[in-house]
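Chemist: One predicted model, sequence on top.
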Amino acid sequence: IATVINFPKGEDSPKQVYDDTVKAIQDGATEIDVVWNFKAFMKIDVDTANDVIKSCRKAIDDENAKANKNVLLKVILETGALSEMEDPLAIYQASLHAIAHGANFIKTSTGKIEKGASLEAAAQMLLAIAKTYNDSKKVVGLKVSGGVRTCPQASEYMTLFQEVLSKEIPSNPISIQKNTFRIGASGLFKNLVNELKNY
């Protein structure tokens, strides 16, 4: 059971994020998708951007400890907005920040702005995932959302996932499974069902 926090603008206070996360978990959520404060990051206010993730992570850890749960944290970076920054490595750096503050998954987009997921953004995110694994053996997942509607599009992201990690991680052990790679797209699901009906 997944729910969104600080969605879609990423502007709630850390306290609001904490309180909303606690309530969501107590109401039964097992996965939290939090929008970090990407607007603060774009203004080079990294601490404010990260405070949201830290607050959400603390709420999850507190609730996990209380009830012996394993709630996942997915951090939505809003890569379509970050791609407008002058720094060509902005998405890579954002990914590292999210991972450093406890993300189990890093996610491309809210789906609420014009520019959603892109292969270029996903590649930067995968480089951060690879660096994290090489440095600490921690496995972080990638979730692609926003604009992936067809089976060929989905296949491109799956291929990219395998190619980047195989290149960057010696003897890469990270394969595509539910805790490492996901695509969030209702339209894609419908198209997959329709294609399967044709077989």
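Modeler: Cool, got the structure. Not measured: the values here are computed from a predicted model.
Chemist: use CA for all of it now, contacts and neighbours both
Modeler: Noted.
Chemist: okay, and for the protein, where does confidence drop off?
Modeler: The model of the chain has pLDDT under 70 over residues 186, 199.
Chemist: can you map out the strands along the protein?
Modeler: Using DSSP state E, the strands of the chain run over 2-5, 31-35, 72-76, 105-107, 141-145, 181-184.
Chemist: Adding mean neighbour count and distance to residue 63 as columns, could you present those in TSV?
Modeler: Listed next are these as TSV, based on neighbours: other CA atoms under 10 Å; distance: least, CA to CA, whole Å:
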stretch	mean neighbour count	distance to residue 63
strand 2-5	18	15
strand 31-35	24	12
strand 72-76	27	11
strand 105-107	29	19
strand 141-145	24	22
strand 181-184	20	25
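Chemist: Switch these over to TSV; also include distance to residue 135.
Modeler: As requested, those are exported to TSV (distance: least, CA to CA, whole Å):
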stretch	distance to residue 135
strand 2-5	29
strand 31-35	25
strand 72-76	20
strand 105-107	17
strand 141-145	16
strand 181-184	20
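Chemist: Can you find which helix in this protein contains the most residues?
Modeler: In the chain, taking DSSP state H as the definition, the longest helix is helix 46-67.
Chemist: buried stuff in that helix?
Modeler: 46, 48-61, 63-64 (16 or more other CA atoms under 10 Å).
Chemist: Which strand residues bridge residue 73?
Modeler: Beta-bridge pairing for residue 73 (DSSP bridges): residue 32.
Chemist: Hmm, residue 59 and it touching each other?
Modeler: No: in this structure residue 73 lies outside contact range of residue 59 using CA atoms under 8 Å: 10.3 Å.
Chemist: quick one: stretch 56-75 to chain centroid distance?
Modeler: 16 Å (CA atoms, centre = their mean, to the nearest Å).
Chemist: just the CA coordinates of that stretch, formatted as PDB?
Modeler: Taking C-alpha atoms only, stretch 56-75 is exported to PDB below (Å, rounded to 0.1, in the frame of the first residue of the first chain):
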ATOM      1  CA  CYS A  56      10.200  11.500   6.400                       C
ATOM      2  CA  ARG A  57      12.900   9.000   7.100                       C
ATOM      3  CA  LYS A  58      12.700   9.700  10.800                       C
ATOM      4  CA  ALA A  59       9.000   9.200  10.800                       C
ATOM      5  CA  ILE A  60       9.400   5.900   9.000                       C
ATOM      6  CA  ASP A  61      12.100   4.700  11.300                       C
ATOM      7  CA  ASP A  62      10.100   5.700  14.400                       C
ATOM      8  CA  GLU A  63       7.000   3.800  13.100                       C
ATOM      9  CA  ASN A  64       9.100   0.800  11.900                       C
ATOM     10  CA  ALA A  65      10.600   0.500  15.400                       C
ATOM     11  CA  LYS A  66       7.300   0.800  17.200                       C
ATOM     12  CA  ALA A  67       5.500  -1.900  15.200                       C
ATOM     13  CA  ASN A  68       8.300  -4.000  13.700                       C
ATOM     14  CA  LYS A  69       7.400  -2.800  10.200                       C
ATOM     15  CA  ASN A  70       9.500  -2.400   7.100                       C
ATOM     16  CA  VAL A  71       8.000   0.700   5.400                       C
ATOM     17  CA  LEU A  72       9.900   1.700   2.300                       C
ATOM     18  CA  LEU A  73      10.900   5.300   1.400                       C
ATOM     19  CA  LYS A  74      10.700   6.500  -2.200                       C
ATOM     20  CA  VAL A  75      12.000  10.000  -2.800                       C
END
